[in-house]
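1. From the sequence below, what's the structure:
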Amino acid sequence: MTASHDATSGVNPPPEAVRFVHEMRPKVRRYLTHMGCSEDLAEDITADACLAILDRWDRLHADPAYSGKEPINYLYTIARREFAKRGPRYDRRRQREQLSESPSDETGAHIDRPDESARDRIGEALLELPVRLREVVWLRHVERFTTKETAAIMYASESKIKCWLAMAVKQLRRHYTTIMGEDSKETTP
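-> A predicted model of the protein is given here:
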């Protein structure tokens, strides 16, 4: 170890740890915002999780208590635990309010943009899912983690991850068919 110090742990982290955190920071922040976290809180949680990884980097590779834990899994685990501690209900409500704001022109008339309304509907459907199901969908389909990696991040069995994913897909399909039924009623003369 080097004798130089930084503000967090007293020792400069290894260069590979700094590179890892630099690469992962935007992904973790995006993950948190899609879980319903506000931009500000997502940034705070991401910074705290990255500092924790930098502080524990050597132990992740050397300590038997941490053996088998990949830094990426550990980073996402820290982020999701911090999000759970810091009031997801407030952030979920705030995100719903942002989604419900509709764009308008100078006269105040509503501008209907099909691609944006579809995106909003998908966002609304995801926000309606319980946090755990949202996390599974995000980790598996957006971040492209394997079932095994997702299970490690969420501290659950692989079979539980598959079950949660199936539940999420079922709920999203139900929401989609409800929306499509409403759209066909609106377009029918």
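2. which other helices and strands contact the lengthiest helix in the chain?
-> In the chain, assigned by DSSP state H, the helix with the most residues is helix 158-187. Contacts defined by 3 or more CB pairs under 8 Å, 6 or more residues apart in numbering; DSSP states H and E place helix 158-187 against helix 114-128, helix 131-137, helix 147-154. For the C-beta atoms, the positions are set from N, CA and C on the backbone; glycine is no exception.
3. If I look at E116, what pLDDT would I see?
-> On the pLDDT scale, E116 is placed at 56.
4. Which residues does stretch 163-177 contact?
-> 125-126, 128-129, 132-134, 136-137, 140, 156 (CB atoms under 8 Å, 6 or more residues apart in numbering).
5. Give me the buried subset of those.
-> 125-126, 129, 132-134, 136-137, 140 (16 or more other CB atoms under 10 Å).
6. circling back: can you lay out the helices and strands packed on helix 158-187 as JSON lines showing distance to Y176?
-> Compiled in JSON lines, the helices and strands packed on helix 158-187 are given as follows (distance: least, CB to CB, whole Å):
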{"stretch": "helix 114-128", "distance to Y176": "7"}
{"stretch": "helix 131-137", "distance to Y176": "13"}
{"stretch": "helix 147-154", "distance to Y176": "23"}
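7. and the ones you listed, which one is worst for confidence?
-> Among these, helix 114-128 has the lowest mean pLDDT, at a mean of 69.
8. how about low-confidence regions in this protein?
-> For the chain, the stretches flagged by pLDDT under 70 are 1-11, 63-69, 87-119, 179-189.
9. Residue ranges of each domain in it, please.
-> Segmentation of the chain into domains, based on automatic domain parsing, reads 9-100, 111-189.
10. Just the angle for the longest helix of the chain relative to helix 147-154, thanks.
-> 90 degrees (axes from the mean of the first three to the mean of the last three CA atoms, to 10 degrees).
11. count of neighbours near A62?
-> 9 (other CB atoms under 10 Å).
12. measure it to E82 for me?
-> Note on A62: its distance to E82, by CB to CB, to the nearest Å, is 25 Å.
13. Quick check: buried residues in the longest helix of the chain?
-> Result for helix 158-187 [16+ other CB under 10 Å]: buried residues 160-161, 164-165, 168, 171-172, 175.
14. now stretch 30-46
-> Buried residues in stretch 30-46, counted by 16+ other CB under 10 Å: 31-38, 41-42, 44-46.
15. Need the residues you listed in CSV (columns: secondary structure and distance to I53).
-> Output for the buried residues of stretch 30-46, formatted as CSV (DSSP: H, G, I helix; E, B strand; the rest coil; distance: CB to CB, whole Å):
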residue, secondary structure, distance to I53
Y31, helix, 14
L32, helix, 15
T33, helix, 19
H34, helix, 20
M35, coil, 19
G36, coil, 23
C37, coil, 18
S38, coil, 22
L41, helix, 19
A42, helix, 16
D44, helix, 15
I45, helix, 13
T46, helix, 11
